[in-house]
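build me a structure from this.
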Amino acid sequence: MLDFPLWKKLWLWGLTLAASLLALPSLFNVSGLDWPSALPNPQVNLGLDLAGGSHLLLEAKADDVRSQRLDVMEETVRQLMRNAKPRIRIGDVSTAGGELSFMLESAADIDRARGLIEPTMQGQTSVREWELQVVDGQRVVLKQTDAGVNQAIDDAMASATEVVRRRIDELGTREPTIIRQGDTRIVVQVPGLQDPEALKALVGQTAQLEFKLVADPAGSQVGVETFPYAPGTGLDGEMLSVRRLGGIRGENLTGAQAGVDPQNNQNVVNITFDAQGGAKFAKLTTENVGKPFAIILDGQVLSAPTIQTPIIGGSAQISGSFTPESANQLAIALRSGALPVPLAIVEERTVGPDLGADSIRKGLLAMGIGSLAVIALMMATYGRFGVYATVALVFNVLMLLGLMALGGFTLTLPGIAGFVITIGAAVDANVLINERIREERARGRKVIAAVETGYKEASRAIFDANLTNVISGVALFAFGSGPVKGFAVVLVIGIATSVFTGVTLTRMFVAGWLRKARPNDITI
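Predicted coordinates for the structure are as follows:
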């Protein structure tokens, strides 16, 4: 137990110093000093409650998901009936009451229609998403199942969470917190971001881009929907009628960049489609030369240019009343992908950096007072062995900071509380070891035997006790969120560093002193 060959000492010192040095950039930052730019700069990320920043709670409505699924199923049904050989003719399609229903012109086509539709009613999972009924032998009614709606909501929220994450990553912020809360909510926390309006505009924008043909005012208004012009287009308050089906959505975009049109110096967004989207866009523009088509973003018309020539290069340009900032924001939103469901902001908070700085100062003060009290108690009670415990405590704090910086973990206000608790609990191992050594000396064991037995016997209890704490910490991290996770991170890493420094390092210190001094007695 007390045998420490040179290679083992070098290994332990190397590990300790390396982890401790990783804490220096964070300490420089807290002290207001500049860390040399030529050196690696791992730092502990500060959470929203310490660095300040923006907090948003986003919510989706289940009715929006149901409505979208109805639109998708309607377009699917129309396409299936149109492509059937021979074609199956149907009357108007109704989506009233949240159901999709249509009348077949010929009752003889009912079996063929059912055979075409039923394969689309099963999702990618085993969940049956639709129920099909035939009414009066000729009307087909499709109803959404509860299981299908729930699965669609779960898929939409999972996708929306990733879209929000990609958009915020484009801002270059460090360690944003983006987690689902319940079935239809997403919590977004961005430390260090003091512009909540920009964040709201970015994550709240659905970025659902559509290209739809403008409807003929003199023609039939069946299958037509109207959209308002976007503010700043010069047509505020006016409405534009477009064909509801047959357009192109923005799902096939592969790129979007803000730019300037060289012909008129207007801010624009240049977009690029993938092969499938490019083919659709080319087909749409080729078949409708001379006709206007609307560029619609989130339910508002940006512009309605006339198709002069077929656009077959797989790229296009979106123009509107953009500023450089709004053009760049739209480009980010389009690159990140459209939100699969609109998200409404139901809660917002902005935390100023002054509050976080005050919390850090008070936390450091608490750590300092706690450390001094622990050091004084250990040195007064255990003498030399208390000094070794004190040195181990300093390395414990440095290693904890360094490992958090290396892992890119976020320090929150509860995390500071975890630091203070770690300092107080870090010497528990040394108390157990030193008291056991006292007992062994009282039983008449010689110095080296007492020390070796003390470390050996106490270490079992120390490892068992800390293992249960680690299990609790892992459970907190796995099932907690936000501040709870911040506390759990400090707790688990602090337990690991406390056991390492309190047991392994102090044993190396004591072994070196015993080998060198060979005392006949010890004061402990």
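
now do the SS call for the residue lying closest to residue 440 once chain neighbours are set aside.
Of all residues not flanking residue 440 in the chain, residue 450 sits nearest, at 3.7 Å (CB to CB, 6 or more residues apart in numbering). No exception for glycine: its C-beta is placed from N, CA and C like everyone else's. The three-state label given to residue 450 by DSSP: H, G, I helix; E, B strand; the rest coil is helix.

mind listing what residue 450 touches?
437, 440-441, 522 (CB atoms under 8 Å, 6 or more residues apart in numbering).

what are the ranges of the strands in the stretch 301-450 of the chain?
Using DSSP state E, counting those that start in this stretch, the strands of the stretch 301-450 of the chain run over 315-319, 344-351, 410-411.

tell me where the stretch 301-450 of the chain has helices.
324-336, 353-382, 384-407, 413-426, 428-442, 447-479 (DSSP state H, counting those that start in this stretch).

what's the answer for the stretch 151-300 of the chain, then?
196-204, 275-287.

figure out which of those helices is closest to residue 14.
Nearest to residue 14 among the helices of the stretch 151-300 of the chain is helix 196-204 (43.4 Å), distances taken as CB to CB.

what mean pLDDT does that closest one get?
Averaged across helix 196-204, the pLDDT comes to 76.

and the residue sitting nearest the centre point of the chain, how close does it get to residue 199?
For the chain, the residue sitting closest to the mean C-alpha position, by CA atoms, centre = their mean, is residue 178 at 3.5 Å. Using CB to CB, to the nearest Å, residue 178 is found at 12 Å from residue 199.

who touches both of the two?
Common neighbours of residue 178 and residue 199 (CB under 8 Å, 6+ apart) are 168, 188.

out of everything not next to it in sequence, what's closest to the residue nearest to the centre of the chain?
Leaving aside its chain neighbours, residue 178 sits nearest to residue 165 (4.9 Å; criterion: CB to CB, 6+ apart).

just for this protein, where's the confidence low?
Scanning the chain for pLDDT under 70 picks out 1-2, 123-126, 171-175, 194, 221, 320, 338, 352-356, 481-482.

could I get the helices of the stretch 301-450 of the chain as TSV with distance to residue 72?
Converted to TSV, those look like this (distance: least, CB to CB, whole Å):
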stretch	distance to residue 72
helix 324-336	21
helix 353-382	45
helix 384-407	42
helix 413-426	44
helix 428-442	60
helix 447-479	35
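
residue 86 falls within a helix, correct?
No: under three-state DSSP, residue 86 falls outside any helix and is assigned coil.

so what's the residue count around it?
Close neighbours of residue 86, defined as other CB atoms under 10 Å, add up to 7.

for residue 120, same thing?
Counted with other CB under 10 Å, the neighbours of residue 120 add up to 15.

does residue 513 touch residue 384 like I think?
Yes: with contact defined as CB atoms under 8 Å, residue 513 reaches residue 384; the gap is 7.4 Å.

got the contact list for stretch 55-62?
48, 149, 153, 156-157, 160, 164, 181, 184-189, 196, 199-200, 203-204, 341-351.

now it: buried residues?
Neighbour counts using 16 or more other CB atoms under 10 Å place 55-60 of stretch 55-62 among the buried residues.

and stretch 222-240, by the same measure?
In stretch 222-240, counting by 16+ other CB under 10 Å, buried: 227, 229-230, 233, 240.

could you do stretch 515-524 as well?
Using 16+ other CB under 10 Å as the test for burial, stretch 515-524 gives 522, 524.

show the end-to-end separation of it, please.
Separation of the first and last residues of stretch 515-524 by CA to CA, to the nearest Å is 18 Å.

ok now it, how far from the chain's centre?
How far stretch 515-524 lies from its chain's middle: 56 Å, per CA atoms, centre = their mean, to the nearest Å.

do stretch 45-60 as well
In terms of CA atoms, centre = their mean, the centre of stretch 45-60 is found 12 Å from the chain centre.

and that stretch, C-alpha only, in PDB?
Output in PDB follows, covering the C-alpha atoms of stretch 45-60 (Å, rounded to 0.1, in the frame of the first residue of the first chain):
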ATOM      1  CA  ASN A  45     -18.800  27.400 -19.700                       C
ATOM      2  CA  LEU A  46     -21.000  29.500 -17.500                       C
ATOM      3  CA  GLY A  47     -24.800  28.700 -17.400                       C
ATOM      4  CA  LEU A  48     -27.600  31.200 -17.900                       C
ATOM      5  CA  ASP A  49     -27.800  32.000 -14.200                       C
ATOM      6  CA  LEU A  50     -24.100  33.000 -14.100                       C
ATOM      7  CA  ALA A  51     -23.300  34.400 -17.500                       C
ATOM      8  CA  GLY A  52     -26.700  36.000 -18.100                       C
ATOM      9  CA  GLY A  53     -28.500  35.500 -21.300                       C
ATOM     10  CA  SER A  54     -31.900  34.600 -22.800                       C
ATOM     11  CA  HIS A  55     -34.500  32.000 -21.800                       C
ATOM     12  CA  LEU A  56     -37.400  31.000 -24.000                       C
ATOM     13  CA  LEU A  57     -40.100  28.400 -23.600                       C
ATOM     14  CA  LEU A  58     -41.600  27.400 -27.000                       C
ATOM     15  CA  GLU A  59     -44.800  25.500 -27.500                       C
ATOM     16  CA  ALA A  60     -46.400  23.700 -30.400                       C
END
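
thinking again about what came up before, just the closest of the buried residues of stretch 55-62 to residue 500, please.
Of those, the one sitting nearest to residue 500 (CB to CB) turns out to be residue 55, at 36.1 Å.

neighbouring strands - and their directions - for the helix or strand harbouring the closest one?
Here residue 55 is covered by strand 53-59, with elements defined by DSSP states H and E. Strand pairing for strand 53-59, using DSSP bridges, gives strand 185-191 (antiparallel), strand 344-351 (antiparallel).

which of these sits most buried?
When these are scored by mean count of other CB atoms under 10 Å, the highest mean neighbour count falls to strand 185-191 (a mean of 22).

the inter-axis angle of that one versus helix 353-382?
80 degrees (axes from the mean of the first three to the mean of the last three CA atoms, to 10 degrees).

just use 69 as the starting number from now, easier for me
All set: I'll call the first residue 69, so the last point we hit is now strand 253-259.

now the angle from strand 253-259 to helix 264-272?
For strand 253-259 against helix 264-272, the angle by the same axes, to 10 degrees is 140 degrees.

got the contact list for strand 253-259?
With contacts defined as CB under 8 Å, 6+ apart, strand 253-259 is touched by 113-116, 118-128, 225, 228-229, 232, 236, 239, 241-249, 267, 271, 411, 414, 478, 549-550.

PyMOL command for the buried members of these?
To isolate the buried members of the contacts of strand 253-259 in PyMOL, using 16+ other CB under 10 Å:
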select buried, resi 113+114+115+116+118+119+120+121+122+123+124+125+126+127+128+225+228+229+232+236+241+243+244+245+246+248+267+271+411+478+550
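
can you tell me how far residue 360 is from residue 301?
14 Å.

ok, now residue 111?
45 Å.

format the contacts of residue 518 as CSV; extra columns: distance to residue 178.
Below are the contacts of residue 518 laid out as CSV (distance: CB to CB, whole Å):
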residue, distance to residue 178
505, 90
508, 91
509, 95
590, 96
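
which two in those are spaced the farthest apart?
Farthest-apart pair in these is 508 and 590; separation 10.8 Å (CB to CB).

overlap of the contact sets of the two?
Common contacts of residue 508 and residue 590 (CB under 8 Å, 6+ apart): 518-519.

kindly export stretch 489-508 (C-alpha atoms) in CSV.
Taking C-alpha atoms only, stretch 489-508 is exported to CSV below (Å, rounded to 0.1, in the frame of the first residue of the first chain):
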residue,chain,number,x,y,z
ILE,A,489,-20.1,20.9,-0.8
THR,A,490,-17.2,19.2,-2.5
ILE,A,491,-14.7,21.2,-0.5
GLY,A,492,-16.4,20.3,2.8
ALA,A,493,-16.8,16.6,1.9
ALA,A,494,-13.4,16.2,0.2
VAL,A,495,-11.6,15.8,3.6
ASP,A,496,-14.0,13.2,4.8
ALA,A,497,-11.7,10.5,3.4
ASN,A,498,-8.7,12.0,5.2
VAL,A,499,-10.7,12.1,8.5
LEU,A,500,-11.6,8.4,8.2
ILE,A,501,-8.0,7.5,7.3
ASN,A,502,-6.4,9.5,10.1
GLU,A,503,-8.8,8.3,12.7
ARG,A,504,-8.2,4.7,11.7
ILE,A,505,-4.4,5.3,12.0
ARG,A,506,-5.0,6.7,15.5
GLU,A,507,-6.9,3.6,16.4
GLU,A,508,-4.1,1.3,15.1
